[in-house]
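*Asks:* Pasting a predicted model and its sequence here:
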Amino acid sequence: MGIFRTLGQFAIVGGVLAAVVSCGNGGDSGPTRSVGPPGTATVLPGATASGQGGECDRLTNSEIAQAIGPHDGGQHDYLLGGCVWSSTAGEKDGLVEAIHATVLPAARYEAVAEIGEQVSGFGAGATYANLHGELWFPCRSGEFCGIKANISDPDRRQDVALRLGKVLQSRA
């Protein structure tokens, strides 16, 4: 009886995976972006599109270039919201470096933000998670600003996230 339950569970998981793969993006090899922890090069097809509504104007091209070098100019980030700039210089340590910047309502923030350690200089409730280079802090009325620095070097990752967080904080 236990074997049938186990086989049934495998069948359900397999069916769900098949549905996800078949529903994908219809074979569109559209834009991609790197995601995941530093040192990985996971790519999701169709995860970006041209920036909308000025979200890619939150940081300047030169600010992004200082962080990751030559980049794609910024694309709408469907996974995190806001904008993602990806390096065009190729992989570093198996990772395409990228910077994400977003401003989210509190409910959306709670669904996507990494839990990190408290960080000073960004107000009460600000956190930074070094594993993913993710900085979140309250900004505007009831909204949260986020910076994610996909950079392979952990010291540089934190420096970039905090530096760009200050820039975003001053403009939000």
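*Replies:* Right, received. Where do you want to start?
*Asks:* Low-confidence bits of this structure, can you list those?
*Replies:* Across the chain, the ranges flagged by pLDDT under 70 are 1-53.
*Asks:* make it 90
*Replies:* Applying pLDDT under 90 to the chain picks out residues 1-55, 78-81, 92-93, 106-115, 124-125, 131-132, 139-142, 171-172.
*Asks:* just the helices in it please.
*Replies:* Along the chain, the segments classed as helices by DSSP state H run 2-23, 61-68, 106-112, 154-171.
*Asks:* tell me which strands and helices the shortest one is in contact with?
*Replies:* Right, the one you point to is helix 106-112. Applying 3 or more C-beta pairs under 8 Å, 6 or more residues apart in numbering; DSSP states H and E, we find helix 106-112 packed against strand 143-150. All C-beta spots, glycine's among them, are computed from the backbone N, C-alpha and C.
*Asks:* got the angle between the strand it packs on and helix 61-68?
*Replies:* Counting by axes from the mean of the first three to the mean of the last three C-alpha atoms, to 10 degrees, strand 143-150 lies at 50 degrees to helix 61-68.
*Asks:* Contacts for stretch 101-108, please.
*Replies:* 55, 58-59, 77, 80-83, 112, 139-140, 142-147, 164, 168, 172 (C-beta atoms under 8 Å, 6 or more residues apart in numbering).
*Asks:* now with 10 Å?
*Replies:* 55-59, 63-64, 74, 77, 80-85, 109-113, 136, 138-140, 142-149, 164-165, 167-168, 171-172 (C-beta atoms under 10 Å, 6 or more residues apart in numbering).
*Asks:* List the buried residues of it.
*Replies:* By 16 or more other C-beta atoms under 10 Å, the buried positions in stretch 101-108 come out as 101-104.
*Asks:* Closest one of these to G121?
*Replies:* For those, the minimum distance to G121 (C-beta to C-beta) is 17.2 Å, reached by A101.
*Asks:* How about S152, nearest residue that isn't a chain neighbour?
*Replies:* Nearest non-adjacent residue to S152, counting by C-beta to C-beta, 6 or more residues apart in numbering: D93, 4.0 Å away.
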